[in-house]
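Asks: When you get a sec, could you give me coordinates for this:
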Amino acid sequence: MAKLVVEVLDSVDLLPKDGQGSSSPFVEVEFQDQRQRTATKFKELSPFWNEKLVFNVKNPRDLSDETIEVSVYNDSKHGHQKNFLGRVRISGMSVPFSEEESAVQRYPLDKRGIFSRVKGDIALRIHAVIQESKSFDPVEEVLQHVNGVENHHHHHHHRNDDNSYAKATESIATPLQEVNTNKLDDEYQYVENQGKNKKKKELRTFYSIGTGSHGGGPPPPPAEKPAFVESRSDFAKAGPAPSASVMQMQVPGPKPEFAVVETRPPVAARMGYWGRDKTASTYDLVEQMHFLYVSVVKARDLPVMDISGSLDPYVEVKVGNYKGVTKHFEKNANPVWKQAFAFSKERLQSNLIEITVKDKDLVKDDFVGKVLFDIAEIPKRVPPDSPLAPQWYRLADKKGDKMHHGEIMLAVWMGTQADEAFPHAWHSDAHNINQQSLASTRSIVYFSPKLYYLRVHIIAAQDLVPSDRTRPLETYVKVQLGHQLRLTRPSPMRNINPEWNEETDVVASEPFDEYIVISVEERIGPGKDEVLGRIIIPLREVPQRVETAKMLDPRWFALCSRGTGGEKKEVKFASRILLRLCLDSGYHVLDESTHFSSDLQPSSKHLRKQSIGILEVGILSARNLQPMKSREGKLTDAYCVAKYGNKWIRTRTLLDSLHPRWNEQYTWEVHDPCTVITIGVFDNCHVNGKDDARDQRIGKVRIRLSTLETDKIYTHSYPLLVFSPSGLMKHGELHLAIRFSCTAWVNMVTQYGKPLLPKMHYVQPISVRHIDWLRHQAMQIVAAKLARAEPPLRKEIVEYMLDVDYHMWSLRRSKANFFRIMSLLSGISYIYRWFDGICYWKNPLTTILVHILFLMLVCYPELILSTIFLYLFVIGLWNYRSRPRLPPHMDARLSQAENAHPDELSEEFDTFPTSQPTDLVRMRYDRLRSVAGRVQTVIGDLATQGERFLSILSWRDPRATAIIIVFALISAVFLYVTPFQVVAVLFGLYTLRHPRFRRKLPSVPVNFFKRLSARSDSLL
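Replies: Residues are numbered from 1 along each chain as shown. Got it, this is the predicted structure:
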């Protein structure tokens, strides 16, 4: 009896069928009149099943003639109706007869009919199992079957024995190949065709995804014999094993869709054609994309078209079906536009460029003149060449004859995305949006404002004038800068000359155009305060402090007295306040978490160090994005934002695409290798002029520079993972090319021995509570400043990139940190178990070697340190073989995101303060009390052990202390008269003694320590 096992793993990029931009797919497998199906994955375009379906095989010899049909359907009405999503028909000839020979194959989904709409692929693993006692050789059985088929009259195809054997042998465990009749858009599977293979048809190779122990090795060598290709067209075709030139996706772990995949895109830095192209030295981390640029500068002496004698001109640039329009000027015969247009060369639909000048009218725009260009004659410009000089062209009428009046200045050339006109040009992929929304689709570079800590030292005040002199004063000081507000404690001196002597810090930003408002107020009653005096100081008048040792001298400032109604009171003398104000430029203002900060330089430019290297990032493309605008009948308008240091970049928005290709390269200066760059992908919700909309998160990537090798090019595809109230979701993959180049090796190496933060953070540290408050204020200032740019980098983008809510409570994140600590303690536990095995002689040979090493170190103590450091050197050298090949990425398993409870997710995404019902909040509070009780018990046990250690000589237990001091005296005399080597040998041999000389009861020192008293019995 034989069994056929079909393992359905996952599917990618299925077609949405439910009318909401998603599908609920399930897989149905049919084999020999047997039909089985998987579970339904609701609302998933890239589902993950990982289910095994087992079928009975009537005759294993006939398996090669059978067909396995795998169909994917959309469960539209909970099983009552299904929509076709695609199918795969697999020949039984390609099924191996052992699980070891089977591999995961990705099959592209095929249509069922001419009018079927299908996309995506499915990952399957198929093998047969023979349950008979005798050995079964699949190659021999297939050979016998093929030879025996020739004797039957009902077969249509006759085969040769040798050829059949070769074909059957090669078709057992080979990857799949499919004749590629379509263009591979955004596919990074590149096969190097050499010699005669260049004339053959283009083949697309489907490679295996490594799972478990079968996916980690290199690909098998290519077969020497020609590949077996079945003549039936409804099956996936088998081919030779992939050569070394094919990219191999080796993904460990049970969920490969969350892993980083190495790719090999055709970028200049990898292709090795340095010097052949001028752009290879400056724009070599992205693929070249060619554009047709048209620069419309100005026009002169345009003819008048209206009866009124006025002209409202504008220019229309048309290439095929793409049409770009400039803004129009009212009553201007000599307009100046200075506007550039970029048309993708891949999408050019015509050989002519038609540039038409028109007159804006209410009913129908009038034709003024036109200029035609032949695309084949357009010159090519490659940076760093100088920009192409614009020229005057005389306008022609509709018949093509030159006009007597009217000229237009133009520049037309072929260029790449490295051209200076690329960032601010109108692009043909944004042809269907208006001029107002066009600015939000362009690529641009932002710089966040330089931040400072403003230190306000409030010392005292004199001669305050309260409204009621009979009552005792309860005064405090309020400091306000923008939206930041800080209060001091009430003064203990309840008179007209109070003293506070308190310091407070707020965040200030350049260009210092704000004012500091400091007011002295009296607390009359609950919710009722009276202003006794106020002073307004311009921020630009506050001096900066760079030196850490020298403090600025305090100054007296006159207070402006006001009544409760805001009217000035006339007094004979003015109240005053003693303040010390300074801008501490020696600090680094933290606007992001210290764990993944991108900048650690001080605010003062005089204290900043020179850069140690250059970081180059090529944002290539994204794949398999989820449709974020499915309710509007659109897909996704994606763009990227990258942040490192104070430099933010934003790529152009590619409209209505799930596979956008940006191919934009950016550069940053690096001052510290222990920093992190953050790259996020967002959906632009403002292309239709919706100012109140919020851009949606698609995902982000963090890369630590210290994990990158210098001058090495990293090209990887990173999963875009987003954590939402419904759980962990993958919104696609982001393809990046990264290179970190070092320009000062000595400075980079010495950087590892320097403090992480500037000197002032350690000389005059700020408390953790104030640092968290100041970090939040700095984030708000950066978000407000960038939101005022054009196009604005909106607040939700900045907050997501800076992880504003990273320090909020999360039970899932607490679990992740707990397991991180446990993984660290597991190493200590392993060392303890290893030493315990040595002491109990579990491996006698190892124990004897440890005894010999111990005696050698006792006899030659000068070898101890050198042995330790040599051991560390050998371990590090040994671990070099297994060093990480991929840059680290957000780990879903480490973050405890795969198995998070729905209530934990609801609590993590709850607002602050909470907006949940009372019963749910009470349940969460009780759960938090339970967890806190366990933590409280652990902390109490640690305190008990520490108090026992401190009570050894405290005479809290007089008998225990007497025993200790007597033992200490005897030990001192014994160690004085006995050589150290003898004591060490005796102690070591006693510790490593044989189990025959051991007892199962605890030792005497342990029993004595546990009997010491602690202060736990004094707790209420």
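Asks: Strands of the stretch 551-700 of the chain, start to end?
Replies: 555-558, 576-584, 613-623, 638-644, 647-650, 661-670, 676-683, 696-704 (DSSP state E, counting those that start in this stretch).
Asks: Please identify which of those is closest to T470.
Replies: The closest of those to T470 is strand 576-584. By Cβ to Cβ, the value is 23.2 Å. (Each C-beta comes from the backbone N, C-alpha and C, glycine too.)
Asks: Which elements pack onto that closest one?
Replies: Packing partners of strand 576-584 (3 or more Cβ pairs under 8 Å, 6 or more residues apart in numbering; DSSP states H and E): strand 451-462, strand 515-525, strand 528-538, strand 544-545, strand 555-558.
Asks: Buried residues of the third one, list them for me.
Replies: Spelled out, it's strand 528-538. Buried residues in strand 528-538, defined by neighbour count with 16 or more other Cβ atoms under 10 Å: D529, E530, V531, L532, G533, R534, I535, I537.
Asks: Quick check: chain neighbours aside, which residue is closest to the fifth one?
Replies: Translated: G533. Closest residue to G533 apart from its sequence neighbours, by Cβ to Cβ, 6 or more residues apart in numbering: L559 at 2.8 Å.
Asks: Quick one: residues contacting the one you found.
Replies: L559 makes contact with A461, V520, L532, G533, R534, I535, A574, S575, R576, I577 under the criterion Cβ atoms under 8 Å, 6 or more residues apart in numbering.
Asks: Surely the fifth one touches A558?
Replies: No: counting by Cβ atoms under 8 Å, A558 is not a contact partner of R534; they are 10.6 Å apart.
Asks: The stretch 251-400 of the chain: strands as residue ranges?
Replies: Going by DSSP E, counting those that start in this stretch, the stretch 251-400 of the chain shows strands at 261-262, 290-300, 313-319, 322-325, 336-344, 352-359, 366-374, 391-396.
Asks: Adding distance to A693 and mean neighbour count, write these out as TSV.
Replies: Formatted as TSV, the strands of the stretch 251-400 of the chain follow (distance: least, Cβ to Cβ, whole Å; neighbours: other Cβ atoms under 10 Å):
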stretch	distance to A693	mean neighbour count
strand 261-262	33	19
strand 290-300	29	21
strand 313-319	29	22
strand 322-325	25	19
strand 336-344	26	20
strand 352-359	33	20
strand 366-374	37	17
strand 391-396	42	16
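Asks: TSV please, covering these and showing distance to I848 and mean pLDDT.
Replies: Putting the strands of the stretch 251-400 of the chain into TSV (distance: least, Cβ to Cβ, whole Å; pLDDT from 0 to 100) gives the following:
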stretch	distance to I848	mean pLDDT
strand 261-262	46	88
strand 290-300	73	92
strand 313-319	84	91
strand 322-325	82	87
strand 336-344	74	91
strand 352-359	87	91
strand 366-374	89	90
strand 391-396	91	92
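Asks: can you put the ones you listed in TSV and add distance to E799?
Replies: Listed next are the strands of the stretch 251-400 of the chain as TSV, based on distance: least, Cβ to Cβ, whole Å:
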stretch	distance to E799
strand 261-262	29
strand 290-300	34
strand 313-319	39
strand 322-325	35
strand 336-344	32
strand 352-359	44
strand 366-374	47
strand 391-396	48
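Asks: Any idea which of these gets closest to M923?
Replies: strand 261-262 (41.7 Å).
Asks: Tell me how far that closest one lies from the chain's centre.
Replies: Offset of strand 261-262 from its chain centre (Cα atoms, centre = their mean, to the nearest Å): 15 Å.
Asks: so which of the helices and strands packed on strand 576-584 is the most packed in?
Replies: strand 451-462 (a mean of 21; mean count of other Cβ atoms under 10 Å).
Asks: what helices or strands is that one leaning on?
Replies: Packed next to strand 451-462, using 3+ Cβ pairs under 8 Å, 6+ apart, are strand 475-481, strand 499-509, strand 515-525, strand 576-584, helix 768-786.
Asks: Quick one: list the elements packing against the shortest one.
Replies: Think strand 475-481. strand 451-462, strand 484-487, strand 499-509, strand 515-525.
Asks: now it against strand 499-509, angle please.
Replies: Between strand 475-481 and strand 499-509, the angle comes out at 10 degrees (axes from the mean of the first three to the mean of the last three Cα atoms, to 10 degrees).
Asks: what's next to strand 475-481, contact-wise?
Replies: Counting by Cβ under 8 Å, 6+ apart, 454, 456, 458, 461, 464, 485-491, 494, 498, 500, 502, 504, 506-508, 514-523, 532, 539, 577 sit against strand 475-481.
Asks: about what we covered before: which stretch among the helices and strands packed on strand 475-481 comes nearest V676?
Replies: Here strand 451-462 is closest among those (Cβ to Cβ), at 18.6 Å.
Asks: For D672, grab phi and psi.
Replies: Per-residue torsions, D672: phi -150, psi 130 (degrees, to the nearest 10).
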